[in-house]
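In: Turn this into a model:
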Amino acid sequence: SEVTGFVCDPAYEKLAVTAIGEQLSQLPWSRLSLRYEPTGKRSSYLMKALGSRDFRSKFKDYRINKGTIDNLICPQIQLPDDYQDYLQTGVSSNTRQKIKRFTRKYLDTGELHISHTTPETVERDVDVLLTLWVQKWSGLKGRSSARRIAMKYKNMLMSFSRHGVLNLPILWQSQTPVSALGCLADHRQGHLLFILSGREEQSDIPQTGLLQHSGNIRWAIENNFKIYDFGHGDERYKYSFGAEDKTLHYFSIRRRSHKKSFLFDPLSVDESVETTKQLLNQRKFRQARNACEHLIQIQK
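Out: As a prediction, this is how the structure comes out:
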């Protein structure tokens, strides 16, 4: 999940999360981690509930791209009620001039146009976005791996569409897609969350990201959204749009001693068998043997 939280009534959060921790302490597990928890407070309640001598807990960092990107940072824009106000007060004069110049040159002239997905176009639009995404990431992740990830994204985006929360603008040059964004539109909270993007790597159109995000920020303001969230990672370009940091939390709790009775949870036997099969297929025989021994103990 992009933002993994504890879902509970705020009036009872300490009581509820503490009770969860007390119950978890009785279950058979050795390590529990939760990444992208937004409050920090609820994480602390759980860690404190599991703070006895039997457990060791700590908050952790999470950096990617060889440590250059902090993935626990989600830059966000607090949106005003008017797009022109945003341009005047939300960005630097240099960025404002770029947005206006490229908007006039490409969008106002009709050389490029932006479409927004509808129930009739959603299949096509999702395929356009993921085709561009795979094109971008195949070199780094490998084509087969990129395609597998893209299928997971497709399931997620189509689920967004079924629930009426998909925002998917595509930048077109005539009938050719140049770039696309996939976002979650939380209308109740007024929160537009950027998930992934793709662009035509061979396109000679400059500043497609600038046009896409500024156009989508305009759409968000005109549709009464209050927050534009750039998702995980403190990449520099996000701050040119006036974003400010929202910090998420990542913690890990480990059991200090592994009791012999702490084996696979019987409720997870089916998943454990599938994981064991995967270990065998990957020729990870030592791990597979350990898993088999645990499965045998459950049956006794």
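In: Which residues in stretch 78-95 does the neighbour count mark as buried?
Out: 79, 83, 86-87, 90-91, 95 (16 or more other CB atoms under 10 Å). All C-beta atoms are positioned from the backbone trio N, CA, C, and that covers glycine.
In: Would you quantify the distance from residue 175 to residue 67?
Out: For residue 175, the distance to residue 67 equals 42 Å [CB to CB, to the nearest Å].
In: Which one's more surrounded, the two?
Out: Taking neighbours as other CB atoms under 10 Å, residue 175 and residue 67 compare with residue 67 leading, 8 against 5.
In: The more buried one falls within a strand, correct?
Out: No - using DSSP: H, G, I helix; E, B strand; the rest coil, the assignment for residue 67 is coil, not a strand.
In: quick one: contacts for it?
Out: By CB atoms under 8 Å, 6 or more residues apart in numbering, the contact set of residue 67 is empty.
In: Partner strands of the longest strand out of those in the chain, with direction?
Out: Taking DSSP state E as the criterion, the chain has its longest strand at strand 176-186. Using DSSP bridges, strand 176-186 pairs in its sheet with strand 166-167 (antiparallel), strand 169-173 (antiparallel), strand 191-199 (antiparallel).
In: Deepest in the core, which of those is it.
Out: Among those, the stretch with the highest mean neighbour count (mean count of other CB atoms under 10 Å) is strand 166-167, at a mean of 23.
In: Need the contact partners of that one.
Out: Residues outside strand 166-167 that contact it (CB under 8 Å, 6+ apart) are 116-117, 122, 157, 160, 181-185, 192, 216, 219.
In: with the buried residues of stretch 78-95 in mind, which one is nearest to residue 45?
Out: Distance to residue 45 across the buried residues of stretch 78-95 (CB to CB) is lowest for residue 79, with 31.3 Å.
In: returning to what we had before: out of the contacts of strand 166-167, which comes closest to residue 31?
Out: For the contacts of strand 166-167, the closest approach to residue 31 (CB to CB) belongs to residue 184, at 29.3 Å.
In: I figured that closest one hits residue 196, correct?
Out: No - shown here, residue 184 and residue 196 do not form a contact pair, counting by CB atoms under 8 Å, at 10.6 Å.
In: quick one on the thing from earlier: list just the nearest of the contacts of strand 166-167 to residue 33.
Out: If you rank those by distance to residue 33 using CB to CB, residue 184 comes first, at 23.4 Å.
In: what's near enough to touch the closest residue in space to that closest one that isn't next to it in sequence?
Out: The shortest distance from residue 184 to any non-neighbouring residue, by CB to CB, 6 or more residues apart in numbering, is to residue 193 (4.4 Å). Going by CB under 8 Å, 6+ apart, residue 193 touches 2-3, 183-186, 229, 231.
In: go again using 10 Å as the cut-off
Out: Residue 193 makes contact with 2-3, 74, 76, 165, 167, 182-186, 227-231 under the criterion CB atoms under 10 Å, 6 or more residues apart in numbering.
In: Which strand residues bridge it?
Out: Counting by DSSP bridges, the residues bridging with residue 193 are residue 184, residue 229.
In: picking that back up, can you tell me which of the strands paired with strand 176-186 comes nearest to residue 250?
Out: strand 191-199 (18.4 Å).
In: Would you mind listing the buried residues in the next helix or strand after that closest one?
Out: Remark: after strand 191-199, the chain's next helix or strand is helix 208-222, criterion DSSP states H and E. For helix 208-222, burial by neighbour count (16+ other CB under 10 Å) applies to 208-221.
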